[in-house]
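K.L.:
build me a structure from this.
(one chain, ligands or ions: 2)
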Amino acid sequence: MEIRYATNPADIKQYDTERIRQEFLVENLFVEGELNLVYSHYDRLITGGAIPVGKPLFLKAGDLLKTEYFLERREVGIINISEGTGKVTVDGETYELNKRDCLYIGLGHQDVSFESTDQKKPARLYIVSATAHKQYPTQKLAIEEATPNHLGSDSKSNKRTIYQYIHAGGIKSCQLMMGMTLLAPNNMWNTMPPHLHDRRMEAYLYFDMDENSRVIHFMGRPDETRHIVMKNEQVVLSPPWSIHSGVGTNNYTFIWAMAGENYTFTDMDGVQMDELR
Ligand SMILES: O=C[C@H](O)[C@@H](O)CC(=O)C(=O)O
Ligand SMILES: [Zn+2]
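P.N.:
Ligands and ions are numbered 1, 2, ... in the order given. Presented below is the predicted three-dimensional model:
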């Protein structure tokens, strides 16, 4: 499991492109036949990708957590981003995930494994885990069952639908919040004007992009912004002090996930356009 440490916002002023990418961009989570995890010191959020082919992949604590099993002191949310169906088995019970379906698994489950239904069209499972203090029920939510929230407009090129899966009004968890934002055709911007929530960190996974599409993701303090050029199926870690907004060269979808203080999705401090530098 790779480790990412946290950054003091005063230090990012000195970072060049390469350093920014090393600290905040996760490039290679999704590899066929592998389960890859990255451990961030921002609220100890773990992001991961699994593409099971031929044999099942197992969610393990590894050397880093120093616990008997992965969910001993954690909870996890999983969303399938592939057209190929995935199967997640939790202590003997199997859940099928079609594209955009979400599964939450609560603290205390010992055996979690991932499989693909069709080995020629494998599932691509995005995994986000936060620390947890009590068990909430394991629950699947298909995209059709998630709460859609329509935002933006064509004139601002940001017409999009936010689907909330894991949050106070949906699947309950200790601290993990997770959902997906789909942009309407020909709309390219997300989260502009941007916002901050110093109480929580956030991670974005951009996907549904072709090989030559890019998202230019904006981060940093509002008066000291930086950008990261991102490809399909890459994750960006957003520190609590950072804006998190993006514009695509083509259409894209993204999954957002948050952890930290409070459990209030609407707790966001809007940034005025005049504040941006
Ligand atoms: O704190 C909340 C997150 O940044 C996202 O929910 C924002 C988002 O999906 C969007 O504006 O499209
Ligand atoms: Zn946010």
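
K.L.:
list the contacts for the closest residue to Asn80 other than its chain neighbours?
P.N.:
Once flanking residues are discounted, Asn80 sits nearest to Leu97: 4.0 Å by C-beta to C-beta, 6 or more residues apart in numbering. All C-beta atoms are positioned from the backbone trio N, CA, C, and that covers glycine. Neighbour list for Leu97: Ile78, Ile79, Asn80, Thr85, Gly86, Lys87, Val88, Leu103, Ala123, Leu125, Lys140 [criterion: C-beta atoms under 8 Å, 6 or more residues apart in numbering].

K.L.:
same deal with Thr264?
P.N.:
Thr264 neighbours (C-beta under 8 Å, 6+ apart): Ala168.

K.L.:
do the one 3 residues further on as well
P.N.:
Asp267 is in contact with His197, Arg199, Arg200, counting by C-beta under 8 Å, 6+ apart.

K.L.:
quick one: distance of stretch 223-235 to the chain centre.
P.N.:
14 Å (C-alpha atoms, centre = their mean, to the nearest Å).

K.L.:
can you check stretch 254-268 too?
P.N.:
The answer for stretch 254-268 is 11 Å, by C-alpha atoms, centre = their mean.

K.L.:
so where's the stretch 151-277 of the chain shaky on pLDDT?
P.N.:
Counting by pLDDT under 70, the stretch 151-277 of the chain contains no low-confidence segment.

K.L.:
Glu75 contacts Ile105, correct?
P.N.:
Yes: counting by C-beta atoms under 8 Å, Glu75 does reach Ile105; the two are 6.8 Å apart.

K.L.:
buried ones only from the contacts of Asp267, please, as a PyMOL command.
P.N.:
Buried subset of those, written as a PyMOL selection, criterion 16 or more other C-beta atoms under 10 Å:
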select buried, resi 197+199+200
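
K.L.:
out of the contacts of Asp267, who's near ligand 1?
P.N.:
Contacts with ligand 1 within those, counted by C-beta under 6 Å from any ligand atom: His197.

K.L.:
quick one: the contacts of Asp267 as a markdown table, columns for distance to Val215 too.
P.N.:
Listed next are these as a markdown table, based on distance: C-beta to C-beta, whole Å:
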| residue | distance to Val215 |
| --- | --- |
| His197 | 21 |
| Arg199 | 25 |
| Arg200 | 21 |
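
K.L.:
which ones among the contacts of Asp267 lie within strands?
P.N.:
Members of the contacts of Asp267 lying in strands (criterion: DSSP state E): Arg200.

K.L.:
what comes up buried for stretch 129-143?
P.N.:
Ser129, Ala130, Thr131, Ala132, Tyr136, Thr138, Gln139, Lys140, Leu141, Ile143.

K.L.:
and the least confident of those?
P.N.:
Among the buried residues of stretch 129-143, Ile143 has the lowest pLDDT, at 93.

K.L.:
buried set for the helix or strand hosting Glu115?
P.N.:
Assigned by DSSP states H and E, Glu115 falls within strand 112-116. Within strand 112-116, the residues scored as buried using 16+ other C-beta under 10 Å are Val112, Ser113, Phe114, Glu115, Ser116.

K.L.:
show me where the stretch 151-277 of the chain has its strands.
P.N.:
Assigned by DSSP state E, counting those that start in this stretch, the strands in the stretch 151-277 of the chain fall at 160-166, 177-183, 189-190, 195-196, 200-207, 215-221, 224-230, 234-238, 245-248, 253-260, 269-270.
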